[in-house]
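Student: Output the structure for:
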Amino acid sequence: MRFITIIHVLSALMLSPVIPGIINKVKALFAGRKGKPVLQMYYDLGKLLRKGSVYSRTTTWIFKASPLISTAAGVVGVMLVPLGNGSNLLTFQGDMILVVYLFGFSKFATVMAALDTGSAFEGMGASREVQFSMLAEPAMLLGLCALSALSGETSLNTMFTSLQTGTRPILAAAIFIVLLAENSRIPFDDPNTHLELTMVHEAMILDHSGPDLALIEYGATLKFWIYASLTASLLVPPGISGEGSSLVAGLIALFLVAVAVGIVESIMARLRLIRVPQLLVGATILSLISLILIIR
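Tutor: As a prediction, this is how the structure comes out:
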């Protein structure tokens with residue numbers, strides 16, 4: 001069992017950069033283009049690591065620490081989150097709360113680094129990022145509370161393995177919406193945008209370069225992997241009980257989640273900023289409905 005969980009962690013650390021490639025390839029197929037290679041993120045990370053970092057004289061140690069915190073949060077996160085019906089490497093009662101606060105702290109560090117530059121533009125991006133997170137986190141917490149109420153556990157490992165009811169699709173839909181918001185994907189944000197007035201997450205990391213930017217990009221892929229693992233674990237049939245087969249089913253479901261993100265980004269436009277809160281409130285309502293159905 002421990003060997004399979006280690007395989008899951010190693011898979012996350014090595015394969016997470018494939019996720020953006022899958023999304024971009026799906027978007028290229030919808031647009032009738034060849035698109036970038038699936039392994040493009042590996043090339044980009046290698047190029048950034050060979051460069052040097054540039055620091056403004058106005059920045060402090062906060063700016064330099066933010067990329068390390070983002071990556072460390074992702075590495076610890078993949079150890080806390082199970083995939084499929086298997087177990088996670090680090091498991092204890094209340095670990096679901098740690099996952100939420102882990103990424104909350106990572107986002108806090110990124111926002112502080114953006115403000116540390118003294119740039120009004122990065123401050124604008126930080127303000128928007130905090131607003132979206134404030135609306136997305138209730139949906140995530142209510143979804144985890146619904147899982148906890150259903151299983152009677154506060155550990156992610158036992159929560160997912162005990163799910164047998166029809167609330168899985170509702171919870172999966174809610175967490176999928178949170179995945180799009182927390183990972184700055186369309187319709188909440190566009191990671192490829194270069195329009196200054198529409199940038200959110202990308203505006204906060206404009207001053208990072210070289211290895212620091214590589215750490216941020218790699219941490220972002222780990223964060224996507226974690227949210228996709230939560231969604232995929234709700235989609236894997238509970239009848240698959242073997243550790244190996246469960247991991248394979250979880251990986252397939254995870255990559256299908258990435259394909260689903262690519263389809264969403266191909267058929268939807270980015271929402272106006274004033275419409276984003278409405279969608280996030282919808283995700284919160286879905287999580288609340290699941291919680292009510294469970295405890296009634």
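Student: hey, let's count contacts and neighbours off CA atoms from now on
Tutor: Fine.
Student: ok, V259 to F121 distance?
Tutor: 32 Å (C-alpha to C-alpha, to the nearest Å).
Student: Wait, G123 touches M112, no?
Tutor: No. Assessed by C-alpha atoms under 8 Å, G123 is found out of contact with M112, at 9.2 Å.
Student: higher neighbour count, the two?
Tutor: Neighbours were counted for G123 and for M112 using other C-alpha atoms under 10 Å; G123 has more, 21 against 17.
Student: residues contacting S184?
Tutor: 190-191, 200-201 (C-alpha atoms under 8 Å, 6 or more residues apart in numbering).
Student: Quick one: classify it as helix, strand or coil.
Tutor: coil (DSSP: H, G, I helix; E, B strand; the rest coil).
Student: Give me the contacts around the helix or strand bottoming out on mean pLDDT in the chain.
Tutor: The least trusted helix or strand in the chain, going by mean pLDDT, DSSP states H and E, turns out to be helix 156-161, with a mean of 74. Under the contact criterion C-alpha under 8 Å, 6+ apart, helix 156-161 has outside partners 80-82, 85-88, 91, 95-96, 147-148, 150-153, 233-234, 238.
Student: now L89: how far from N157?
Tutor: From L89 to N157 the distance is 9 Å (C-alpha to C-alpha).
Student: Those two: which is more packed in?
Tutor: Remark: of L89 and N157, N157 carries more neighbours, 25 against 22, as counted by other C-alpha under 10 Å.
Student: Pull out the buried residues from the longest helix seen in the chain.
Tutor: What stands out as the longest helix in the chain, according to DSSP state H, is helix 120-151. Buried residues in helix 120-151, counted by 16 or more other C-alpha atoms under 10 Å: 121-130, 132-133, 135-151.
Student: Over to stretch 245-254?
Tutor: Buried residues in stretch 245-254, counting neighbours by 16+ other C-alpha under 10 Å, are found at 246-247, 249-251, 253-254.
Student: Looking at those residues, spot the one nearest P17.
Tutor: The nearest member of these to P17, counting by C-alpha to C-alpha, is L254 at 13.2 Å.
Student: Could you list the low-pLDDT ranges of the chain?
Tutor: Along the chain, segments meeting pLDDT under 70 span 1, 161-167, 193-199, 241.
Student: distance of the closest residue to S287 other than its chain neighbours from L291?
Tutor: What sits nearest to S287 in space, not counting adjacent residues and going by C-alpha to C-alpha, 6 or more residues apart in numbering, is G143, at 4.8 Å. For G143, the distance to L291 equals 7 Å [C-alpha to C-alpha].
Student: Sounds good, over and out.
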